[in-house]
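Q: Please work out how this folds:
(chains A and B)
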Amino acid sequence: MENNKVYEDLILVLRRSKKIFIFIQVLTVFLLLNFWKIQVLDHKKYWEKSEANRMREIVLPSQRGLIKDRGETILADNKASFKVSIIRENCEDYDKSCRKISRLLKIEEDVLKERIKRYESFPVFKPIVIKENLSFEEVAVIEARKLEFPELFLQAEPKRFYPFGSLAAHALGYIQELSGEEIKNGLYQQRRLGDLIGKTGVEKVYEATLGGTDGEALEIVDSMGRSKGKIAKREPEKGQNIILTLDYTLQEKAEELLEGREGAVVMMDPQTGEILALASYPTFDHNKFIDRFTPEEWLDLVNSPEFPLENRVIRGQYAPGSIFKLVIDLGALELGLVDEETTFTCKGEIEIYNEPFTCWVEKGHGEMNLIQAIRNSCNIYHYQVGKKMGIDEISRYAKMLGFGAKTGIDLPGEKTGLVPDPQWGREVRKERWQPGETISVSIGQGPLMVTPLQVALYTSIIANRGRKVTPHLLNSQSLAGKRVFSERDAVDIELSTFETVIQGMWEVVNKGGTGWAANVKGFDICGKTGSTQLVSTEKDKEKKVEEEEEEEETKTHSWFTGFAPRDNPKIVVTVIIEYGGMGGATAAPLARKLFNSYRRKYD
Amino acid sequence: MIDRNLLRNTDWILIGILLLNSILGVAFIYSSSHYLPGNYYVKQILWMVFSSIAIFLFLCVDYSTLVTYSLYLYLVLIGVLGGILIFGMPIAGAKSWFKFPFFNVQPSEVAKIMIILLLANVFAKFRRNYLSMGKGFLGVSIIAVPAFLVALQPDLGTALSYIPILLAAFFLAGLNKKTIIGILICGLLLGIFGWNFGLKDYQKKRLTALISPSQDPLGSGYHILQSKIAIGSGGFLGKGFRKGTQSQLRFLPARHTDFVFSVVGEEFGFIGVVLILLSYSFLLWRLFQSIGHSRDRTGVYIIFMVAIMIAFQFLINLMMIIGLFPIAGIPLPLFSYGGSSLLTTYIGIALVLNVKMRRFANI
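A: From the prediction side, this is the model:
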């Protein structure tokens, strides 16, 4: 062979490698003999051992972090709860087992099987939860018949519990079983099917902090389900506690005042953006959502954007009405279109662009300057100022003051509201902007939409004389370095402009203006009322039709927003009551009670 | 590049057995891990594709070029091994991995290739009939540096798996009685020294567990016992694909990696074991049979060391799962899940193919 020539001692090498190959062959045969012994000669022994080998994988549930208010009152707690699971591997006959269990635990057999089917992908030795929140009687029954039901596995777990029921339900959110879909989306890589996770509110936003890491234990059990020892164990890790900026007392007061109505309240520290109260009504008891077995219809209700679950503070979009007039005043003053002394005469009605526009006082307010126009919330005055400004400037100032954009609060699902301009008209609405619409926008009507939180932010910008904070619920000190709520760029409006408008707001409450009902002696509240017709959603339309026959007042939403004290402001209160009538009549007195509560506690 | 002649001289049979064994491997990885998150079998298939590309790349370059640069490759390797000790993030307690966005690579596995190339370079020039003292020490130091770095990760099993490659080179160079005795004494001393100073408690326990696994069934003897239960309960005919009750084997933490052959034993019984061993032996036979087909000594050394590298891991892994050898974390090449091991085996075989296809080339 040609190839042999290159390697003079090839024969030697081949001999050496052959020895090794033979050695390997011998070892392989030796291994085969060993396999023969284990698999054929000792088969019976190992077969029996394999039959006795049963295993159980237990999840040791971690405890969710607590949520506390600023005074460290616990708003979301954990309590012990019992759940029972099935281990399919230990069933002698699956169908028979299901029948027996269905009788023992009083669950419909179909429901039970359906439930187990959802977790088919689990290995057979892994427990599947089939009933939870067991009563002591149920626990006792299962415990007593343990030997009869080796497939059942009883376990205690710490469970979310909201000690004050529905209190701050919208802010805190609720937790629910993780769905298969969410796992597919890969959002929760550390979590498994069947885990409970935050679905809305703070529970969702701070899921990574609150949710602990479940532990795990592997046990060998005999055919009766008795543990023969643990193979491996990983202790669960507790979730971290968080402290919110909410104030229990104020939150409770806000909800108490809203009871029986539809509406929302925000109380916020204008200097830091800390939210002290965030209430939306009607509300719900979030304790009810924690169950893994909520019937489908109930789940549908939960998932639908229907109203009790909707957080109106960040998701309710309303016309701002007269509270928007301050945007016009700030903008026009800043642009030099008007000054403090500019006067207009209100005769109760005015014709602009060949259309009649009315004031809310039929006989008119007479001649007045800017501050008086704020105090009386005069429409005629603002129609004319708004006309001078034009829609582009109005929209620019509205956006500068926080409208039309998310406030950045640490809650999921915040809406942006809408600040219209001609471009929006062309591109989104596909309808030309009418000059008359500018006039409507001047008093906060027209296509304009804002959320109560945006109104609170806007009020705080005025209170701060231009500083713009980010509203937030997490006490930034409680999770050092984890989340900083940065301050945004200051609003580019002169201090003197703010002072003029604030003078007007002060007179609204303290000098017989529309918001007189919010007056708290010695607290120097500055505010603005608003009353708006809102026809934005189908639901509202229906409601409006129903109530066509009723009084004019019930069709309007009632707004009040304000801050106090005038110098060095400490608190912003924003209130909206749907179908509440005039702002001064409904929202303002409610705001007064909230200012009062704040003052009692902090002043 | 590859011309017609080279293509004609390619050992397609070897490639065929390689792929056959890898595909069988994927099937068992699937059986032992399909219910686990992680899609291991899909990843293994991707690694197969990736490793096949690596084979192609390694065939493009004449092996003598690789050997010429072997010292530089080796130095880069030492740098990498040193680097991950300092900068590496530990995975499962050991700093063995290089993290990439979608996969991790274990340089300590790929190291075997650099070691083989450098040893081939050194020993091909050795022309005496028996190994000399000087060459012996040079060989030892070549593997000692990476082995030491890998042992620090800590990954003793992989570090020890460099030794057979060196012994293969020694053996081919020729061993007289004096040298054999010398090596045995060195081995013994290393063993005693290691037992007293080097081994961690768990490693010692694994050794004692070898002698009586049932003494502490939930401790370190656990793996051996469970593996034997799985294999033994499979019997002569096995329980059928995906039907192994033990090796749907949550009893073994490494069921799709080091203990994948236990799954073969349980699901396909003794018959399956025999067939897989035959198929594997065929691969080894083909490798050993290739030894003559080289144009120079370098090629002979490369083929022999690759063959020993694979054969050694194969034997140790099988002994490990039936309790004849301590659990050392040695995977079964082509069968155990693990990209780095697969890649190394493929590159090793690429080297063999490379030598064979260029056996008629003019130098």
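Q: before we move on, which element is the residue in the stretch 151-300 of chain A positioned nearest to chain B in?
A: Taking CB to the nearest CB, chain B has its nearest neighbour within the stretch 151-300 of chain A at residue A:229, 5.0 Å off. The way it works is simple: take the backbone N, C-alpha and C, and place the C-beta from them, glycine included. Element membership for residue A:229 (DSSP states H and E) is strand A:227-234.
Q: which residues in the stretch 1-150 of chain A form strands?
A: Using DSSP state E, counting those that start in this stretch, the strands of the stretch 1-150 of chain A run over A:54-60, A:67-68, A:74-86, A:128-132.
Q: Can you add mean neighbour count, mean pLDDT and distance to residue A:397 and give those strands back as JSON lines?
A: Below are the strands of the stretch 1-150 of chain A laid out as JSON lines (neighbours: other CB atoms under 10 Å in any protein chain shown; pLDDT from 0 to 100; distance: least, CB to CB, whole Å):
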{"stretch": "strand A:54-60", "mean neighbour count": "19", "mean pLDDT": "73", "distance to residue A:397": "55"}
{"stretch": "strand A:67-68", "mean neighbour count": "24", "mean pLDDT": "93", "distance to residue A:397": "38"}
{"stretch": "strand A:74-86", "mean neighbour count": "19", "mean pLDDT": "90", "distance to residue A:397": "38"}
{"stretch": "strand A:128-132", "mean neighbour count": "20", "mean pLDDT": "85", "distance to residue A:397": "54"}
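Q: Of all these, which one comes closest to chain B?
A: Using CB to the nearest CB, the strands of the stretch 1-150 of chain A put strand A:54-60 closest to chain B, at 5.6 Å.
Q: give me the residue from chain A nearest chain B.
A: For chain A, CB to the nearest CB, closest residue to chain B: residue A:46, 2.6 Å.
Q: Which residue ranges make up each domain of chain A?
A: In terms of domains, chain A is parsed into A:55-243, A:248-283+A:308-477+A:484-602 (source: automatic domain parsing).
Q: what separates residue B:30 from chain A, distance-wise?
A: 15 Å (CB to the nearest CB, to the nearest Å).
Q: mind listing what the residue of the stretch 101-250 of chain B found nearest chain A touches?
A: Here the stretch 101-250 of chain B gets closest to chain A at one residue, residue B:232, 2.6 Å apart by CB to the nearest CB. Residues near residue B:232 by CB atoms under 8 Å, 6 or more residues apart in numbering or on different chains: A:38, A:39, A:42, A:43, A:45, A:46, A:47, A:49, A:50, B:265.
Q: all helices of the stretch 101-250 of chain B, in order?
A: Secondary structure of the stretch 101-250 of chain B (DSSP state H, counting those that start in this stretch): helices located at B:107-124, B:133-151, B:156-160, B:163-173, B:177-193, B:201-211, B:222-234.
Q: Turn these into a markdown table, columns for distance to residue B:20 and mean pLDDT.
A: Listed next are the helices of the stretch 101-250 of chain B as a markdown table, based on distance: least, CB to CB, whole Å; pLDDT from 0 to 100:
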| stretch | distance to residue B:20 | mean pLDDT |
| --- | --- | --- |
| helix B:107-124 | 22 | 92 |
| helix B:133-151 | 31 | 89 |
| helix B:156-160 | 26 | 84 |
| helix B:163-173 | 25 | 90 |
| helix B:177-193 | 36 | 84 |
| helix B:201-211 | 33 | 66 |
| helix B:222-234 | 22 | 83 |
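Q: Need the winner for burial among the ones you listed.
A: helix B:222-234 (a mean of 27; mean count of other CB atoms under 10 Å in any protein chain shown).
Q: just checking, next helix/strand downstream of it?
A: Trace forward from helix B:222-234 with DSSP H and E and the next one is helix B:260-289.
Q: Which strands or helices does that next one pack on?
A: If you count contacts as 3 or more CB pairs under 8 Å, 6 or more residues apart in numbering or on different chains; DSSP states H and E, helix B:260-289 packs onto helix A:10-36, helix B:12-33, helix B:222-234, helix B:297-321.
Q: And the domains of chain A: which comes nearest residue B:279?
A: Nearest to residue B:279 among those is domain A:55-243; the distance by CB to CB comes to 30.0 Å.
Q: gap between residue A:577 and residue A:62?
A: 42 Å (CB to CB, to the nearest Å).
Q: what about the two, which has more around it?
A: residue A:577 (24 against 19; other CB atoms under 10 Å in any protein chain shown).
Q: Contact partners for the more buried one?
A: A:258, A:261, A:262, A:263, A:557, A:558, A:586, A:587, A:590.
Q: Please repeat the previous calculation with a cut-off of 7 Å.
A: Residue A:577 makes contact with A:261, A:263, A:557, A:558, A:586, A:587, according to CB atoms under 7 Å, 6 or more residues apart in numbering or on different chains.
Q: And the domains of chain A, which one averages the lowest pLDDT?
A: Lowest mean pLDDT within the domains of chain A: domain A:55-243, at a mean of 82.
Q: give me the number of residues near residue B:337?
A: Residue B:337, neighbours per other CB under 10 Å, totals 26.
Q: ok, back up a step: would a markdown table of the strands of the stretch 1-150 of chain A with distance to chain B be doable?
A: Below are the strands of the stretch 1-150 of chain A laid out as a markdown table (distance: least, CB to the nearest CB, whole Å):
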| stretch | distance to chain B |
| --- | --- |
| strand A:54-60 | 6 |
| strand A:67-68 | 31 |
| strand A:74-86 | 17 |
| strand A:128-132 | 14 |
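Q: Those: which one's closest to residue B:70?
A: strand A:54-60 (48.5 Å).
Q: Residue A:367 reaches residue A:343, doesn't it?
A: Yes. At 5.4 Å, residue A:367 counts as touching residue A:343 under the criterion of CB atoms under 7 Å.
Q: List the buried residues of whichever strand or helix holds residue A:509.
A: Assigned by DSSP H and E, residue A:509 falls within helix A:495-510. Within helix A:495-510, the residues that count as buried by 16 or more other CB atoms under 10 Å in any protein chain shown are A:497-498, A:500-510.
Q: On the C-terminal side of it, identify the next helix or strand.
A: With secondary structure assigned by DSSP H and E, helix A:495-510 is succeeded by strand A:526-533.
Q: what angle separates that next one from helix A:495-510?
A: 70 degrees (axes from the mean of the first three to the mean of the last three CA atoms, to 10 degrees).
Q: what's strand A:526-533 packed up against?
A: Under the contact definition 3 or more CB pairs under 7 Å, 6 or more residues apart in numbering or on different chains; DSSP states H and E, strand A:526-533 sits against helix A:495-510, strand A:556-564, helix A:587-602.
Q: Excluding chain neighbours, what is closest to the residue of the stretch 101-250 of chain B closest to chain A?
A: residue A:46 (2.6 Å; CB to CB, 6 or more residues apart in numbering or on different chains).
Q: quick one: contacts for the closest residue in space to residue A:65 that isn't next to it in sequence?
A: In space, residue A:65 comes closest to residue A:239 once its chain neighbours are excluded; the distance is 3.5 Å by CB to CB, 6+ apart. Contacts for residue A:239 (CB under 7 Å, 6+ apart) come out as A:62, A:63, A:64, A:65, A:209, A:210, A:211, A:212.
Q: from these, which ones fall inside helices?
A: Counting by DSSP state H, these place A:209, A:210 in helices.
Q: Out of the contacts of residue A:239, give me the one that has the most neighbours.
A: residue A:64 (27 neighbours).
Q: Tell me the residues on the stretch 251-363 of chain B that lie near chain A, please.
A: Within the stretch 251-363 of chain B, the positions near chain A by CB under 7 Å from any CB of the partner chain are B:251, B:265, B:269-270, B:273-274, B:277, B:281, B:284, B:288, B:291-297, B:300, B:304, B:311, B:315, B:318-319, B:322, B:324, B:359-360.
Q: if you set the cut-off to 6 Å instead, what comes out?
A: Contact residues (CB under 6 Å from any CB of the partner chain) of the stretch 251-363 of chain B with chain A: B:270, B:273, B:281, B:288, B:291-292, B:295-296, B:300, B:304, B:311, B:315, B:318, B:322, B:359.
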